[in-house]
Every structure is written in C-alpha cells, then in structure tokens.
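Q: Attaching a predicted model along with its sequence, questions to come.
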Amino acid sequence: MLVTIALVVFALLVLRLLYLVMCVKKSPRRYNSAPVVTMVILGSGGHTMELLRLLSGMDLRNFSQRLYVASNVDIMSIKKITDFEKSHGNDKPMITKIPRARNVLQSYITSVLSTLIAIFCSFPIVINSLPDLLLCNGPGTCIPLCFWCFVTKFFWIKDTKIVYVESICRVRTLSLSGLILYFIADHILVQWPQLQKVYPRTEYIGRIY
C-alpha cells in the first residue's frame, strides 16, 4: 500500500515538473492594484548597467516593493543601485548580498562548491520575501535564486514569475545562464531576432538598452 502511494505521489510530481518546464507559452499574470513584490538580481559591470537601463524604462510605481540581490564582492553594483534608488526618492533601498556562484575564470570543478554555498545562502532570501516577480539578466548570481523560486512554484508555495533578459551582446547563442534557465524561466527575452529563431522558447522584444 505504501509503495503504491509513493509511486502515485512520484508520478504526480513528475507530471508537475513536466508541466512547468514544457509549457512554452505561459499566460502573463494580471496583478491587482497592490504593489508587485519584485526581486532584482544584480550582475556586475555591464550586466548591472543594462539592468539599470531596463529599470529606468519601467513604471516603478507598479513595482514599489523592490528587493535587490547582489554578490557580496560586487561593491560597484551596490553603489550604482543605491544611487539609482536615491534618484527616485528612496534613500534606503533593500539590498541583500549572497556569495557568487562562480567567479570570473573560476574552473567549473571548483565552482561546484561555491555554487552549493550560494544555493544554501539564497534559500532564506527567497523564503522570506516570496517575490511576485524575479527580474534578472545574468550572470551566475541569479541561478541559485531562480532555482529556489522555481522550487516554491513547484510546491505551490508561490507562483513567482521568473523573467530573464538576455544581454544585447548575445547575438547567436544564449549565455550559460540563459541556457540553464531555458526550461525554468517563465520568460526569456532576447534582443536579436536570429536568437529567437534558434531558441523558440525565447521571446524577441527588440533592443531595450
């Protein structure tokens, strides 16, 4: 009897997983008038600059509950987002830090441990905030947070919409982060039409930066 129940539960979980990853077109959520709890993942360098340009084009009044997550060594991104928020009247932006999943030029073998540490540190951030929207554009800092948001969605805890914006530099192939999130993100937005033709699950939106 217990074996039968376990098999049924396992089958249902597999079906749930297949539904989430194979649903190519997902209906956009219609939010009510309440502010959207938004988690914004900061990359570094050019990634942060692109994300700031993206935020500048959004009506931030609809996303007034914003939580920024950055690498604990990315001092420049933290400064830039602090200045950005101050320019919009917010002197005390919510910023939290996590270890980087993988450093520049770090080998893939040693990055396994650093990624596990980042995943462990990301869990309480996601659980405590349970965002309605997760917005990211790479690099690897976003992967652990996207993972936990997907887990909360899988277990019907919170249906967080994960939106990944691919860099304008990616013309023919997705970045590693884009490939990892290809079956996890609700929307992967690309800025080149030829990229959308190669990866049909993506959405071409033109150049936004």
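A: Sure, I can see it.

Q: from here on, contacts and neighbour counts on C-alpha atoms
A: Will do.

Q: wait, what's in contact with Ile143?
A: Shown in contact with Ile143 (C-alpha atoms under 8 Å, 6 or more residues apart in numbering): Ala101, Ser177, Ile180, Leu181.

Q: This protein: helices as residue ranges?
A: 2-22, 46-56, 75-87, 111-129, 142-154, 176-180, 193-198 (DSSP state H).

Q: Report the distance from the top strand by length along the chain to the chain centre.
A: When the chain is parsed with DSSP state E, its longest strand is strand 65-71. Centroid separation for strand 65-71 versus its chain: 11 Å, with C-alpha atoms, centre = their mean, to the nearest Å.

Q: Deepest in the core, which of the helices of the chain is it.
A: Among these, helix 142-154 has the highest mean neighbour count (mean count of other C-alpha atoms under 10 Å), at a mean of 22.

Q: Run the angle between that helix and helix 111-129 for me.
A: Angle, helix 142-154 to helix 111-129, by axes from the mean of the first three to the mean of the last three C-alpha atoms, to 10 degrees: 50 degrees.

Q: can you offset everything so residue one is 775?
A: With the count now opening at 775, the last piece we talked about shows up as helix 916-928.

Q: Now do the same for the longest strand of the chain: mean pLDDT, whole number.
A: Averaging pLDDT along strand 839-845 gives 92.

Q: Quick one: residues in contact with it.
A: Counting by C-alpha under 8 Å, 6+ apart, 809-817, 851-852, 867-874, 915 sit against strand 839-845.

Q: coming back round to it: can I get the helices of the chain in JSON lines with distance to His961 and mean pLDDT?
A: JSON lines is the format used below for those (distance: least, C-alpha to C-alpha, whole Å; pLDDT from 0 to 100):
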{"stretch": "helix 776-796", "distance to His961": "12", "mean pLDDT": "80"}
{"stretch": "helix 820-830", "distance to His961": "15", "mean pLDDT": "86"}
{"stretch": "helix 849-861", "distance to His961": "24", "mean pLDDT": "92"}
{"stretch": "helix 885-903", "distance to His961": "19", "mean pLDDT": "89"}
{"stretch": "helix 916-928", "distance to His961": "12", "mean pLDDT": "93"}
{"stretch": "helix 950-954", "distance to His961": "11", "mean pLDDT": "90"}
{"stretch": "helix 967-972", "distance to His961": "12", "mean pLDDT": "93"}
